[in-house]
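Student: Coordinates for the following, if possible.
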Amino acid sequence: MKMKDYIEKAKNIRIKVLDLIYKAQTSHIGSNFSSLDILTVLYDIADVDKDLKEDRDRVVISKGWVAATVYILLAEKGIMPKEGLDTYCKEGSKYIGLVEPSVRGIEAAGGSMGFGFPFGAGFALAKKIKNEKGKTFVLMGDGEMAIGTTWESALIAAHHKLENLFVIVDCNGLQAMGKVKEILNVDPLKDKWRAFGWEVREIDGHNFEEIEKSLTAPSSGKPVVILAKTVKGKGVSFMEGNNIYHYKNLSEEEYNKALKELNG
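Tutor: Residues are numbered from 1 along each chain as shown. The predicted structure follows:
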């Protein structure tokens, strides 16, 4: 996809995510907008289609609270039905605010921090053992860098030289209750991942050209981690860098203001 097409697609997805979350009166709009550009590119380049063939690429959303964006992208690819998506986060709906494998196209549950990466490492290792083609991509938040299972999985992946494993860390500097550096400083991430035997790529997580290149360039024989610098709430001025929009639902005034910005 051309860069201008990514820009237009991401804009349209932001509007759909905004609409879905506002109508559900639920949370995580800031987190969704932080990862949305990355996910737009990832679901475009990943070898995943509606047939869900066995040797497909695997996309694991450890940062499972970006479910609204993921569901919309899966529906647009024809992997899950568009019908019923308007029930998102409403009583009785299977489309809850954290990704669940009960939804077609979701490889593993995500949302508890550090929960998705072990699944991803396992998928990648299974592919290597079976000599099966396809990559495994895992999306994480930088708050997840404080979790023990993250570094256990990183060691396992490096030990088995899982060059088919790509971890993307959404580095927006914020987590549920505040700044990552203040809750538990995980820097320097670049040095830590290199010390654990990974190839490290640093990018602007809102630059579509950099995102695409980082996800498609072959590895050097090691698992790859992409440290993507992002802005929480990206795309709406009053949400950008404002952690209140991790949990806060939107008023009608906020919704209309955000919609006007995105359409503008």
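
Student: Helices along the stretch 51-200 of the chain, start to end?
Tutor: For the stretch 51-200 of the chain, helices defined by DSSP state H, counting those that start in this stretch occupy the ranges 67-76, 116-129, 148-159, 180-184, 189-195.

Student: Between these, which one is closest to Lys213.
Tutor: Closest approach to Lys213 among those is made by helix 189-195 (17.7 Å; Cβ to Cβ). In this view, the C-beta of every residue, glycine as well, is placed from N, C-alpha and C.

Student: before we move on, back to that, minimum distance to Leu262: which of the helices of the stretch 51-200 of the chain has it?
Tutor: When the helices of the stretch 51-200 of the chain are compared by Cβ to Cβ, helix 67-76 sits nearest Leu262, at 13.9 Å.

Student: helices or strands next to that closest one in the packing?
Tutor: Secondary-structure packing of helix 67-76 (3 or more Cβ pairs under 8 Å, 6 or more residues apart in numbering; DSSP states H and E): helix 3-24, helix 29-45.

Student: ok, residues contacting the longest one?
Tutor: Contacting residues not belonging to helix 3-24 are listed as 1, 27-29, 32-33, 36-37, 40-41, 44, 68-69, 71-73, 85-86, 88-90, 208-209, 212, 235-236, 249-250, 255, 258-259, 262-263 [Cβ atoms under 8 Å, 6 or more residues apart in numbering].

Student: and if we set it to 7 Å?
Tutor: Contacts with helix 3-24, where a contact means Cβ atoms under 7 Å, 6 or more residues apart in numbering, come from 29, 32-33, 36-37, 40-41, 68-69, 72-73, 88-90, 208-209, 235, 250, 255, 258-259, 262.

Student: again with stretch 149-168
Tutor: Outside stretch 149-168, the residues within contact range by Cβ under 7 Å, 6+ apart are 38, 114, 117-118, 120-121, 124-125, 127-128, 135-140, 144, 196-198, 215, 219, 221-226, 228.

Student: Tell me which residue lies nearest the centroid of this structure.
Tutor: Residue closest to the average C-alpha location in the chain (Cα atoms, centre = their mean): Leu139, at 4.1 Å.

Student: For PyMOL, write the selection for the buried entries among the contacts of stretch 149-168.
Tutor: Typed into PyMOL, the line below selects the buried ones among the contacts of stretch 149-168, using 16 or more other Cβ atoms under 10 Å:
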select buried, resi 38+114+117+118+120+121+124+125+127+128+135+136+137+138+139+140+144+196+198+215+219+222+223+224+225+226+228
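
Student: how far does stretch 84-95 stretch from start to finish?
Tutor: Start-to-end span of stretch 84-95 (Cα to Cα, to the nearest Å) is 8 Å.

Student: Alright, I will stop here.
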